[in-house]
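S.K.: Here's my sequence, what's the structure:
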Amino acid sequence: MSEVLEVFRLGNKKLTISTDDDSEDPREWDNLGQMYTWHRDYVWGDSHRYPTSADFLDSEIEDGDVVLSVYAYIHSGVCLSTNAFSCDWDSGRVGFIFAKKNEIITEFGKDFSTEKIKEILRQEVKTQDNWINGRVYGYEIVDLVTCDSCGHTSEKDEDDSSCFGYIGDDWQSSGLVEDLEDKWQKIIKGKY
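M.R.: The predicted structure is shown next:
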């Protein structure tokens, strides 16, 4: 069930920001990288046919491909990263995220920056980590209508007044605020 995080009012309108518990797995998006993992209890990333990571490395990776390790820290939850965690007991490499050279050239041309590709792959893993940990948000704007007779206030949905699927470390950094009208941005930032 979605959790309400913040509520803002402006005149006869109400903006509610909440978690999005029904968002699409970002690995279903059009990603540059493919993320393959191997873990006895969890499945993250894209589906693949390799029984082990060694089989994958031996048959899939070619010169010019960009490959980063994917690490997991599993202790009262799961964290994914392209950097190793300091706890050897509860963490380790669980797979790889990679981009094939020919796909990189198609997207960025022959003079691509390997560092830029690595940063894109790091962001894809960070997005997956945020998604698996429920850091997905959305908003809904409704009209507040007050009955002239009894004074009761009810909510009336506006057309196209909601959007969900914003993934980030928190709702403020997920891109949600930037997609709202200026008047809401000012209220959120305390400038009204």
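S.K.: Following element in sequence after the longest strand seen in the chain, please.
M.R.: For the chain, the longest strand by residue count, based on DSSP state E, is strand 153-167. Counting by DSSP states H and E, the next helix or strand C-terminal to strand 153-167 is helix 176-179.
S.K.: Show me what that following helix is packed up against.
M.R.: For helix 176-179, the helices and strands in contact under the criterion 3 or more C-beta pairs under 8 Å, 6 or more residues apart in numbering; DSSP states H and E are strand 136-146, strand 153-167, helix 182-188. C-beta coordinates here come from the backbone N, C-alpha and C atoms, glycine included.
S.K.: I'd like those laid out as TSV, including mean neighbour count and distance to Gly92.
M.R.: What follows is those, written out as TSV (neighbours: other C-beta atoms under 10 Å; distance: least, C-beta to C-beta, whole Å):
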stretch	mean neighbour count	distance to Gly92
strand 136-146	18	26
strand 153-167	13	25
helix 182-188	14	40
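S.K.: before we move on, back to that, which residues are contacting the longest strand of the chain?
M.R.: Applying C-beta atoms under 8 Å, 6 or more residues apart in numbering, the contact partners of strand 153-167 are 14, 20, 22-24, 26, 127, 130-131, 135-147, 174-176, 179.
S.K.: so the residue lying closest to Ser81 once chain neighbours are set aside is in which element?
M.R.: Of all residues not flanking Ser81 in the chain, Tyr71 sits nearest, at 5.3 Å (C-beta to C-beta, 6 or more residues apart in numbering). Using DSSP H and E, Tyr71 sits within strand 66-74.
S.K.: Partner strands of that strand, with direction?
M.R.: Under the criterion DSSP bridges, strand 66-74 sits next to strand 78-81 (antiparallel), strand 91-99 (antiparallel) in its sheet.
S.K.: Please parse the protein into its domains.
M.R.: The record assigns the chain these domain ranges, following automatic domain parsing: 4-21+135-188, 26-132.
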